[in-house]
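Colleague: need a structure here:
(chains A and B)
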Amino acid sequence: DIQMTQSPASLSASLGETVTIQCQASEDIYSGLAWYQQKPGKSPQLLIYGASSLQDGVPSRFSGSGSGTQYSLKISSMQTEDEGVYFCQQGLKYPLTFGSGTKLEIK
Amino acid sequence: QVQLKESGPGLVQASETLSLTCTVSGFSLTSYHVSWVRQPPGKGLEWMGRIRSGGSTDYNSALKSRLSISRDTSKSQVLLKMNSLQTEDTAIYYCTRLGYGSYWYFDFWGPGTMVTVSS
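Modeller: Below you'll find the model as predicted:
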């Protein structure tokens, strides 16, 4: 199975700050990477797929990049509604696997 | 609009069988794959298995011996059955639609249903 390693496990950011979350795959996943946001008590919501494609309705301050085994999610200007847990997921091979999550809070 | 909704018992006894239903609307089960994903309290996400648009199934090898996914297209429902439950199976169970654009991702999720396995 492809292992997904996320970092950091948690971080806090000030309003307007740029935030970056990293995700590393145990093998090349050829940009088959998705990012999700999960707010407390809610189901995850798709933000990014194909490493860099923005899901419909997702604010443009979210962006994804990367290739091979290294990927990142960037929030260009932190907002209060961006608090939550972020997960990466590889979509290349079954079983589909997730990172362990990054908890993002407002400083 | 696309919607998925899970339903089932909130409490199951250890060693018994869990049965969950996912009722979908806004899309056809014959056009999209549907997956089950679970999340133990305060923990990460685990893909459990999927039923393809054609009706065949694939399972996570860690659960394969205990898990069965089926569907009733006339009712727009996907059914999950998992036997020999243990306390470690306590989790929120999500029904998801699989999107595909060269890679697989979960583009719509149900609100989830909490299942507690009691010893």
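
Colleague: so how far is stretch B:73-83 from its chain's centroid?
Modeller: Centre-to-centre, stretch B:73-83 and its host chain are 9 Å apart (Cα atoms, centre = their mean, to the nearest Å).

Colleague: CA atoms only for that stretch - export them in CSV, please.
Modeller: Taking C-alpha atoms only, stretch B:73-83 is exported to CSV below (Å, rounded to 0.1, in the frame of the first residue of the first chain):
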residue,chain,number,x,y,z
THR,B,73,-30.3,0.5,-7.9
SER,B,74,-34.1,0.7,-7.8
LYS,B,75,-33.8,2.3,-4.4
SER,B,76,-30.6,4.2,-5.1
GLN,B,77,-29.0,2.5,-2.1
VAL,B,78,-25.6,1.1,-1.3
LEU,B,79,-25.4,-1.5,1.4
LEU,B,80,-22.5,-2.3,3.7
LYS,B,81,-22.3,-5.4,5.8
MET,B,82,-19.3,-6.2,8.1
ASN,B,83,-19.2,-9.1,10.4
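
Colleague: Let me see the mean pLDDT of that stretch.
Modeller: Stretch B:73-83 comes out with an average pLDDT of 98.

Colleague: Am I right that residue A:43 is in contact with residue B:108?
Modeller: No. Residue A:43 lies out of contact with residue B:108 (Cβ atoms under 8 Å); the separation is 9.3 Å. C-betas here are computed from N, CA, C, even on glycine.

Colleague: Which residue is the nearest non-sequential neighbour of residue 68?
Modeller: Because you didn't say which chain, this covers chain A. Nearest in space to residue A:68, with sequence neighbours left out and distances taken as Cβ to Cβ, 6 or more residues apart in numbering or on different chains, is residue A:28 at 5.1 Å.

Colleague: try again with chain B
Modeller: Computed as Cβ to Cβ, 6+ apart, the closest residue to residue B:68 that is not its neighbour in sequence is residue B:81, at 4.5 Å.

Colleague: The host helix or strand of the one you found packs against which elements?
Modeller: Per DSSP states H and E, residue B:81 falls inside strand B:77-82. Judged by 3 or more Cβ pairs under 8 Å, 6 or more residues apart in numbering or on different chains; DSSP states H and E, the packing partners of strand B:77-82 are strand B:18-25, strand B:33-39, strand B:67-72.

Colleague: The shortest one pairs with which strands?
Modeller: When pairs are called by DSSP bridges, strand B:67-72 turns out to pair with strand B:77-82 (antiparallel).

Colleague: Need the residues that contact the strand it pairs with.
Modeller: B:17-24, B:29, B:34, B:36, B:48, B:51, B:63, B:66-72, B:89, B:93, B:95 (Cβ atoms under 8 Å, 6 or more residues apart in numbering or on different chains).

Colleague: before we move on, the earlier item: what about the residue nearest to residue A:68, neighbour count?
Modeller: Residues lying near residue A:28 (other Cβ atoms under 10 Å in any protein chain shown) number 12.

Colleague: Which pLDDT does the model give it?
Modeller: pLDDT, residue A:28: 98.

Colleague: ok, now the one 5 residues further on?
Modeller: We note a pLDDT of 97 for residue A:33 in this prediction.

Colleague: Tell me who's in contact with it.
Modeller: A:23, A:25, A:48-51, A:64, A:66, A:71, A:88-91, B:103.

Colleague: Within range of chain B, give me the residues from chain A.
Modeller: Within chain A, the positions lying close to chain B (Cβ under 8 Å from any Cβ of the partner chain) are A:30-34, A:36, A:42-46, A:49-50, A:53, A:55, A:87, A:89, A:91-92, A:94-101.
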